[in-house]
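Chemist: Output the structure for:
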Amino acid sequence: MKKLISLLISAVLVFGLCAPFSAYADGIEVQNPLYAHSSGIKPLRGGNVIFMEDSVSAKYKGYTYYTKGRQLYNSVKPQLEKRKENVTIRCLSKDKMDIYSATNSIVYFCYLGATDDELSVSSTDGDYLRWVVRSFVTQSAEKDTKKNGYNYYTVKVKFKYYDTAAEEKKVDSAVNSYLNSHPTSGKTDFQIIKEVHDYICNKNIYSEVAADSPEDYPYAFCAYGTLVKGRSVCQGYAAAFYRICKELGYKVRFVSSDPDWGCHAWNIIRLDNKYYTVDCTWDDQTVDSGDNEVEPYYYFLTTAALAQEYDSILGEHKLYSSIYDTNYFETNYKQYFADDIYVNNSESQLSSCSVSLSSASFTYSGKEIKPAVTVKNGNAILREGTHYSVSYSSDINTGLARVNVTGKGSYAKSSTHRTFKIIPSAVNGLKYTENTTNSVKLRWNKNGGAVSGYEVQYYSGGKWVTALNTSANSCTVSSLSKAEKYSFRVRAYKTVNKHNYYGAFSSYISASTKPAKVKIKSVSAGKKSITLNWKKVKSSGYQLQYSTKKSMKGSKKLSVKAKKDKRKIKKLKTGKTYYIRIRSYKKYKNEKGKTKYAYGKWSAKKAVKVK
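Modeler: As a prediction, this is how the structure comes out:
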């Protein structure tokens, strides 16, 4: 049974693409960064970056420069997360560098460090970020100055990715949609992870054409291909599984085999302090191809050894030794590899127990939030203190908080967790302060607690429409229709690790835009009367004002229905000059049912002498 899958950077693993350094006038192009040694770059000495200590830093002309280490890698990581093509690295080096040495000693390890598992803090960095990088080329390495024994270098690098920033936003939306439609409360870890596995397999089809022509289908090598396009190779399957499971709070890795031979990617995930193998690609191909040699879940929560059972002589599921034979991987992962396949419904593991929280979402209060936890093994309710203990983390600030459930007694050496949201409090004090013919200005009270901004919506056409997002507690909603009633509402949000956590909407308020200014067509005098004629505008009606004084002091007003475009004013004084003007108005009821008026601007005054 042939299952030679194009893995990871298959799009660039054709070593014939890796030309000699001299072929690149602008620098050294590394077509496949993780396997850069195939291009002559210093060999990777393990999945953990060599220089992981703190960086030495120094400033020059307003910029901060770092030696190799955490701070340098963390200065590069945001640029990669934003999918920036032109990346700037400012580094300190005691050695002189040219483009070649900069690639060997700085750029390569900045890429590895920025994407290293040890520095991972979210679902979009670490392995996920490492495998979305398609290639890089060092374009320049300029020495800015030399001080205190260090050369200050500005290194310019051009990166290419398998997806764009815009495509990654679509992945974010797809992941959020999955999380919102697959609640975890009342489910076991087995059920939760199986849902992820099945979702990916059902949504995606293995792309043979991308495997054969990787340069033409870059999206197939990342989560965008799997979760948005529905077509990917194993790299896309593994990236999508990694992304969703990490969002759910699981410890998961994207792992790979030798690019020269097995060329395949899959995942390992931790349950009850053991790591199990999950290969969505091969499980999916079994179903899609009608291959009955292997059951659809053969590669789901199995062991590393059993995953290799159907491998060819290429060893598609054999971990690539140059990456994974390291102290870091051995200490944190390999020593915890499971010896047996996962057995669901075990009486001694918490991952087989359903876990429910008293709520999946809580409002920020500035204090610790500790939802009640219910753990059940089948129909039997486990007792806290006897079967498990509970701890909480990240449970104060807005964002994703975590409940850790650690086994005791017969459940010792097992654990599970659940996450819950802490959202901003509801906005209050919303009111409108000004309106024009096409805009309404709003203001509200600042939200308690730190928030990233506010989402402002208005009701139109039978649905709520997002007008804008703002970081201030006031805004002007523009591009509205004239003489139209609108309802408005606002909610606060906070962005944490690329996710927006929204609070409840404020109570809505209603306001109307003003009608257009009315233009007078003609004014004519009659016997003790004036006849005013105007051009109609969209409104609920018109208001006329007339006076014998130009200042309009002591004026009289009268209303005219909206369908009218003329009005005769009688019982005026013969020989007197009158000043007259007109404006339109919009009549509406506000959120409390009270009648309100939005008046347009007065027309220009016209003077006319009564006969």
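
Chemist: show me where the stretch 101-250 of the chain has helices.
Modeler: If DSSP state H, counting those that start in this stretch is used as the criterion, the helices of the stretch 101-250 of the chain fall at 108-114, 126-130, 165-181, 189-203, 208-212, 223-224, 234-247.

Chemist: Please identify the most buried of those helices.
Modeler: Highest mean neighbour count among the helices of the stretch 101-250 of the chain (mean count of other C-beta atoms under 10 Å): helix 223-224, with a mean of 30. In this view, the C-beta of every residue, glycine as well, is placed from N, C-alpha and C.

Chemist: how far is it from where the chain is centred?
Modeler: Between the centre of helix 223-224 and the centre of its host chain there is 13 Å, according to C-alpha atoms, centre = their mean, to the nearest Å.

Chemist: now do stretch 394-408
Modeler: 21 Å.

Chemist: Also stretch 167-184?
Modeler: Taking mean C-alpha positions (C-alpha atoms, centre = their mean), stretch 167-184 and its chain are 9 Å apart.

Chemist: What's the mean pLDDT across that stretch?
Modeler: Stretch 167-184 comes out with an average pLDDT of 95.

Chemist: Contacts for that stretch, please.
Modeler: Contacts of stretch 167-184 with the rest of the structure, by C-beta atoms under 8 Å, 6 or more residues apart in numbering, involve 83, 123-124, 163, 192, 195, 199, 219, 223-224, 227-228, 243-244, 247-248, 355, 360, 418-419, 498-499.

Chemist: Over to stretch 144-154?
Modeler: By C-beta under 8 Å, 6+ apart, the surrounding residues in contact with stretch 144-154 are 56, 58, 60-61, 63, 65, 67, 88-97, 102, 106, 140-143.

Chemist: Output the below-cut-off pLDDT ranges for the protein.
Modeler: Across the chain, the stretches falling below the confidence threshold (pLDDT under 70) are 1-28, 31-50, 287-294.

Chemist: list the contacts for Val440?
Modeler: Under the criterion of C-beta under 8 Å, 6+ apart, the contact list for Val440 reads 432, 434, 476-477, 480, 486, 488, 511, 513.

Chemist: got these as JSON lines, with neighbour count columns?
Modeler: Supplementary listing: these in JSON lines, determined by neighbours: other C-beta atoms under 10 Å:
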{"residue": "Tyr432", "neighbour count": "17"}
{"residue": "Glu434", "neighbour count": "11"}
{"residue": "Thr476", "neighbour count": "16"}
{"residue": "Val477", "neighbour count": "21"}
{"residue": "Leu480", "neighbour count": "19"}
{"residue": "Tyr486", "neighbour count": "22"}
{"residue": "Phe488", "neighbour count": "24"}
{"residue": "Ala511", "neighbour count": "25"}
{"residue": "Thr513", "neighbour count": "22"}
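
Chemist: Just those residues: which are in strands?
Modeler: Secondary structure assignment (DSSP state E) places 432, 434, 476-477, 486, 488, 511 from these within strands.

Chemist: Buried members of the contacts of stretch 144-154 into ChimeraX, please.
Modeler: In ChimeraX, the members of those classed as buried (16 or more other C-beta atoms under 10 Å) are selected with the following command:
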select :58,65,67,89,90,91,92,93,97,102,106,141
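
Chemist: three-state assignment of Asn404?
Modeler: strand (DSSP: H, G, I helix; E, B strand; the rest coil).

Chemist: Enumerate every residue touching it.
Modeler: Asn404 makes contact with 390-393, 415, 417 under the criterion C-beta under 8 Å, 6+ apart.

Chemist: separation between it and Ala239?
Modeler: 26 Å (C-beta to C-beta, to the nearest Å).

Chemist: just Gly593 next, same as before
Modeler: 54 Å.

Chemist: before we move on, what about Lys370?
Modeler: Here the distance between Lys370 and Ala239 works out to 34 Å (C-beta to C-beta).

Chemist: cool, Lys376 as well?
Modeler: 34 Å.

Chemist: and if you look at Asp117?
Modeler: For Asp117, the distance to Ala239 under the criterion C-beta to C-beta works out to 14 Å.

Chemist: Number of residues surrounding Tyr458?
Modeler: Around Tyr458 there are 19 other residues, counting by other C-beta atoms under 10 Å.

Chemist: swap in Lys514?
Modeler: Neighbour count for Lys514, taken as other C-beta under 10 Å: 24.

Chemist: which ones are touching it?
Modeler: Lys514 sits next to 435-437, 482-483, 586, 598-601 when contact means C-beta under 8 Å, 6+ apart.

Chemist: make it 10 Å
Modeler: The neighbours of Lys514, taking C-beta atoms under 10 Å, 6 or more residues apart in numbering as the test, are 435-440, 482-484, 539, 583-586, 597-601.

Chemist: now do Lys605
Modeler: Taking C-beta under 10 Å, 6+ apart as the contact definition, Lys605 lies against 520, 545-547, 550, 552, 578-582.

Chemist: wait, which of those residues is closest to Asn267?
Modeler: Within the contacts of Lys605, distances to Asn267 taken as C-beta to C-beta reach their minimum at Ile582, with 72.8 Å.

Chemist: List the strands paired with the helix or strand where the closest one lies, with their directions.
Modeler: For Ile582, the element it lies in under DSSP states H and E is strand 577-589. With DSSP bridges as the criterion, the sheet partners recorded for strand 577-589 are strand 541-547 (antiparallel), strand 595-599 (antiparallel), strand 606-609 (antiparallel).

Chemist: list the helices and strands the host helix or strand of Glu330 packs on?
Modeler: In this structure, Glu330 is located in helix 327-332 according to DSSP H and E. Contact partners of helix 327-332 among helices and strands, from 3 or more C-beta pairs under 10 Å, 6 or more residues apart in numbering; DSSP states H and E: strand 252-256.

Chemist: Centre of the chain to the strand it packs on, how far?
Modeler: 22 Å.

Chemist: about what we covered before: so which of the contacts of stretch 144-154 are in helices?
Modeler: Assignment to helices by DSSP state H places the following of these there: Ala102.

Chemist: Filter the contacts of stretch 144-154 down to the ones in strands?
Modeler: When strands are assigned by DSSP E, the members of these inside them are 58, 60, 63, 65, 88-93, 140-143.

Chemist: which among the residues you listed gets closest to Leu306?
Modeler: Closest approach to Leu306 among the ones in strands among the contacts of stretch 144-154 (C-beta to C-beta): Ile89, at 42.9 Å.

Chemist: From one end of stretch 535-546 to the other, what's the distance?
Modeler: Chord length of stretch 535-546, first to last residue, is 18 Å (C-alpha to C-alpha, to the nearest Å).

Chemist: again, but for stretch 538-551
Modeler: Comparing the first residue of stretch 538-551 with its last one, the separation is 28 Å (C-alpha to C-alpha).

Chemist: and that stretch, which residues are buried?
Modeler: Within stretch 538-551, judged by 16+ other C-beta under 10 Å, the buried ones are 539-547.

Chemist: Quick check: the two most widely separated of the residues you listed?
Modeler: The most widely separated members of the buried residues of stretch 538-551, counting by C-beta to C-beta, are Ser540 and Ser547 (24.1 Å).

Chemist: Spell out the residue ranges of the helices in the stretch 401-550 of the chain.
Modeler: Using DSSP H, counting those that start in this stretch, no helices are found in the stretch 401-550 of the chain.

Chemist: residue ranges of the strands in it, please?
Modeler: Ranges of strands in the stretch 401-550 of the chain, per DSSP state E, counting those that start in this stretch, are 415-423, 431-435, 440-443, 453-460, 463-470, 474-477, 485-496, 499-502, 509-512, 519-526, 529-535, 541-547.

Chemist: Export the ones you listed as CSV, with columns for distance to Gly385.
Modeler: Putting those into CSV (distance: least, C-beta to C-beta, whole Å) gives the following:
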stretch, distance to Gly385
strand 415-423, 16
strand 431-435, 51
strand 440-443, 51
strand 453-460, 43
strand 463-470, 46
strand 474-477, 51
strand 485-496, 32
strand 499-502, 32
strand 509-512, 50
strand 519-526, 80
strand 529-535, 80
strand 541-547, 72
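
Chemist: from the contacts of Val440, which single one is nearest Asn273?
Modeler: Using C-beta to C-beta, the shortest approach to Asn273 within these belongs to Phe488, at 51.2 Å.
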